[in-house]
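> Just need the structure, nothing else, for what follows:
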Amino acid sequence: MAIKIKVSDLLGKHKMTQKELSEKTGIRPGTVSALYHETTRRLEIEHLDKLCDVFDCQPGELLAHIPENKNKK
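Numbering: from 1, shown residues only. This is a model prediction of the structure:
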């Protein structure tokens, strides 16, 4: 995976559960779980906005690009 979703890191930092995040954002618990475990294949802009509101952060703080090693053989 080249993009890391930092929802689990931010939940820990804010001492919040997945259930609390779901309740505060209105994002379905299953979707929050997929974000937490980084198994989601896409992120809705609306969800990104709600996550930024709850975590009081910028979108870049929710995501990290992990470059793939191009020299892998």
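> List the buried residues in the longest helix along the chain.
The longest helix of the chain (DSSP state H) is helix 45-55. Neighbour counts over helix 45-55 (16 or more other Cβ atoms under 10 Å) mark His47, Lys50, Leu51, Cys52, Val54, Phe55 as buried. The C-beta positions use only the backbone N, C-alpha and C, and glycine is treated the same way.
> So what's the model's average confidence on it?
Here helix 45-55 scores 97 as its mean pLDDT.
> Skip ahead from that helix and say which helix or strand is next.
Counting by DSSP states H and E, the next helix or strand C-terminal to helix 45-55 is strand 63-65.
> in its sheet, what does that following strand sit against?
Within its sheet, strand 63-65 is paired with strand 3-5 (antiparallel), according to DSSP bridges.
> Give me the buried positions along the next helix or strand after the strand it pairs with.
Using DSSP H and E, the helix or strand that follows strand 3-5 towards the C-terminus is helix 7-13. Across helix 7-13, burial judged by 16+ other Cβ under 10 Å covers Val7, Leu10, Leu11.
> Pull the following helix or strand past helix 7-13 out as PDB, backbone CA atoms only.
Sequence order places helix 18-25 as the next helix or strand after helix 7-13, per DSSP H and E. Coordinates of each C-alpha in helix 18-25 appear next as PDB, following Å, rounded to 0.1, in the frame of the first residue of the first chain:
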ATOM      1  CA  GLN A  18     -14.000   3.600  16.900                       C
ATOM      2  CA  LYS A  19     -17.600   3.800  18.300                       C
ATOM      3  CA  GLU A  20     -17.100   7.300  19.500                       C
ATOM      4  CA  LEU A  21     -15.700   8.400  16.200                       C
ATOM      5  CA  SER A  22     -18.600   6.900  14.400                       C
ATOM      6  CA  GLU A  23     -21.100   8.700  16.700                       C
ATOM      7  CA  LYS A  24     -19.300  12.100  16.300                       C
ATOM      8  CA  THR A  25     -18.900  11.900  12.500                       C
END
